[in-house]
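> Model the structure of this input:
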Amino acid sequence: MTTPLLPVLAGERPARGFYEKAVIWGLQTVGSLYGAIQSIRATLYQKGFLASYKAPCPVISVGNITAGGTGKTPTVIWLAQYYQSQGRKVAVVSRGYRQQSKAEVTVVATAQKIVTTTPQAADEAVLIAQQLPGVTVITGPNRSKTIAVATEQYGCNIIIMDDAFQHMQVKREFDLVLLDCNAPFSNGHILPGGLLREYPESINRCDGVIITRADDQTKLKRTEDLLGQIAPNINSCSAIHQPTKWQKLANTGAKHPATVPLDGLKNIDVLAFCGIAKPEKFFTTIESLAISAIYTSSFEDHHLFTDNTINELVKKARSIKAQALICTEKDAVKIQQFSSDLPIYALSIKLFVPDISPWLQKKLDSI
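Prediction:
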């Protein structure tokens, strides 16, 4: 989402002036109607008036209540690796947001290999497939059909649904919600008047919360207090998104190393770009790593990079004497085939749970 009002919608500042206040009031009025519809829909599912599909194996849902990134992809990867280590046959299913494939079911990866890449497959699904060799990854608008393919055709015995808290058409054994410690409830209003997908009280129907990006103890305490007021009976724990290394795109910078440690780029000038929901998160992260980004460029979330776009970025990098370009892993999956003499490095990120709470360990082991 790219709009001058985004800081207001995210709760980072109040509306200013008559125009902004009037627009925000109108958007929040529409959001209130949308929120009411969402609440009614959730109640109908909870009361059994709307039917939900029961999968033949356990299902874990990873979701959130805000639009934009809360760290779902690293969390999905973390969960999948956990169950892989126990010998389970894991499948990750998702809607496939903004993928070009119009098929009812798109197999992105089997346990043996990746079979569909961007732009036919969604960027996040391809990233998950790259990070999880041996895991089946399937996308499609109908989750019950993607789950059926995963279980019946590929023999998977545990399903992780990515971005599925609002997708109540499928029953789940574990409903996990993520809250970004920096902006857990945006400005407290529903889309389009804020960034909430539904009212904060909806958290009460989940089984547990992970507070992500919880590096700042003051912000973590504030988020825990807010959560305690809204959903006092919901268990929670915290996690951080931990950068691990810089990974070079294979067809770029032939004379440069394929992998660079976190501090390996801090003494050179770089051009940083990304197409994610919250680009400021990436730029703040590289600042914390003492990376000198002499030029930054952000695009809309899930932006489909073309060779022309990357060529322009490389041209810009050369003009300002940058020695490398850097981006996120999600961006990198969309430009794997691009060739350049200048290296393009992607920042690898993993979810790190410093201390798995007993409630979470018990829940994971029970599935």
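> Please, where are all the strands along this structure?
Assigned strands in the chain, in chain order: 59-64, 90-94, 106-109, 136-139, 158-162, 174-180, 208-212, 236-238, 240-248, 259-260, 269-274, 292-298, 324-328, 344-352 (criterion: DSSP state E).
> in the last one, what's buried?
Spelled out, that is strand 344-352. 344, 345, 346, 347, 348, 349, 351 (16 or more other CB atoms under 10 Å). C-beta: built from backbone N, CA, C; applies to glycine.
> Next, the angle strand 174-180 makes with it.
Angle, strand 344-352 to strand 174-180, by axes from the mean of the first three to the mean of the last three CA atoms, to 10 degrees: 120 degrees.
> What residue spans form the domains of the protein?
59-240+353-366, 242-351 (automatic domain parsing).
> Could you save those as a markdown table and add columns showing mean pLDDT and distance to residue 21?
As requested, these are exported to a markdown table (pLDDT from 0 to 100; distance: least, CB to CB, whole Å):
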| stretch | mean pLDDT | distance to residue 21 |
| --- | --- | --- |
| domain 59-240+353-366 | 96 | 12 |
| domain 242-351 | 94 | 24 |
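> okay if I get these as TSV plus distance to residue 51?
Output for the domains of the chain, formatted as TSV (distance: least, CB to CB, whole Å):
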stretch	distance to residue 51
domain 59-240+353-366	8
domain 242-351	31
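> Looking at those, which is nearest to residue 5?
Among the domains of the chain, domain 59-240+353-366 comes nearest to residue 5, with 9.5 Å by CB to CB.
> Residues in contact with stretch 98-117: which ones?
For stretch 98-117, contacts defined as CB atoms under 8 Å, 6 or more residues apart in numbering pick out 89, 96, 118-123, 125-126, 128-130, 132, 134-142, 145-146, 149, 154, 302, 304, 333, 336.
> mind redoing it with 7 Å?
Applying CB atoms under 7 Å, 6 or more residues apart in numbering, the contact partners of stretch 98-117 are 96, 119-122, 125-126, 129-130, 134-140, 142, 145-146, 149, 154, 302.
> Just the endpoints, please. Distance across that stretch?
By CA to CA, to the nearest Å, the extent of stretch 98-117 from end to end equals 13 Å.
> thinking again about what came up before, pick the most buried one from the strands of the chain.
Neighbour counts (mean count of other CB atoms under 10 Å) averaged over each of the strands of the chain peak at strand 136-139, with a mean of 30.
> and the strands of the chain as a markdown table, adding distance to residue 49?
A markdown table is the format used below for the strands of the chain (distance: least, CB to CB, whole Å):
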| stretch | distance to residue 49 |
| --- | --- |
| strand 59-64 | 20 |
| strand 90-94 | 25 |
| strand 106-109 | 31 |
| strand 136-139 | 29 |
| strand 158-162 | 22 |
| strand 174-180 | 19 |
| strand 208-212 | 26 |
| strand 236-238 | 30 |
| strand 240-248 | 39 |
| strand 259-260 | 53 |
| strand 269-274 | 43 |
| strand 292-298 | 43 |
| strand 324-328 | 41 |
| strand 344-352 | 36 |
